[in-house]
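J.: here is my input; please provide its structure:
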Amino acid sequence: MKLLNKKIHRPSILILFLLFLTACNMPMPDLDLEPEVNKLFSALQAEDYDTMLPMYSDKFYKSIEREHWRLSLKQFSEHMGPMESYRIRYKQADTKFSGKFFVFQMETRHEGQKKARHVLTFVLPFDGGDVGLVAHKITAKGL
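T.: Here you go, the predicted model:
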């Protein structure tokens, strides 16, 4: 009798696992976030923080206060000097358990051949709501 239960139990687990994977990989709409990214970096290039700050989601501001982020961006611009150009180095969309993630790796070039790397993460939650910019990491020499 135990052997029979094991044979029935294993296929049941496999079916449940496949159903779980199917639910996790539900199709999500593809979004073109490049215009949003370009708007953000155009504002950073112009040092227009009033345009930039509302582009970040409320989830972003749970980890850093809005005015602290403004100050960080201003210090970044002062340290690096005027931004001469920016470009998207890499972008990826990936579906995880909580939603669809859109990751952009950016490169900015500044006066004096200085370069910085930025990683932006946008999330479109499964439970509804709008896509939001939830993370922005900046790395550069001397920061």
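J.: quick one: end-to-end length of stretch 46-60, please.
T.: Distance across stretch 46-60, first residue to last, is 22 Å (Cα to Cα, to the nearest Å).
J.: buried sites along that stretch?
T.: In terms of neighbour count (16 or more other Cβ atoms under 10 Å), stretch 46-60 has its buried residues at 49, 52-53, 56-57, 60. (C-beta placed from N, C-alpha, C; glycine too.)
J.: can you check stretch 121-136 too?
T.: In terms of neighbour count (16+ other Cβ under 10 Å), stretch 121-136 has its buried residues at 122-124, 126, 131-136.
J.: swap in stretch 105-115?
T.: With the criterion 16+ other Cβ under 10 Å, stretch 105-115 contains buried residues 106, 108, 110, 114.
J.: would you map the strands across this structure?
T.: Counting by DSSP state E, the chain has these strands, from start to end: 83-95, 99-110, 114-125, 132-140.
J.: just send the ones you listed back as JSON lines, with distance to residue 38 and mean pLDDT too.
T.: Formatted as JSON lines, the strands of the chain follow (distance: least, Cβ to Cβ, whole Å; pLDDT from 0 to 100):
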{"stretch": "strand 83-95", "distance to residue 38": "8", "mean pLDDT": "95"}
{"stretch": "strand 99-110", "distance to residue 38": "10", "mean pLDDT": "95"}
{"stretch": "strand 114-125", "distance to residue 38": "12", "mean pLDDT": "95"}
{"stretch": "strand 132-140", "distance to residue 38": "13", "mean pLDDT": "96"}
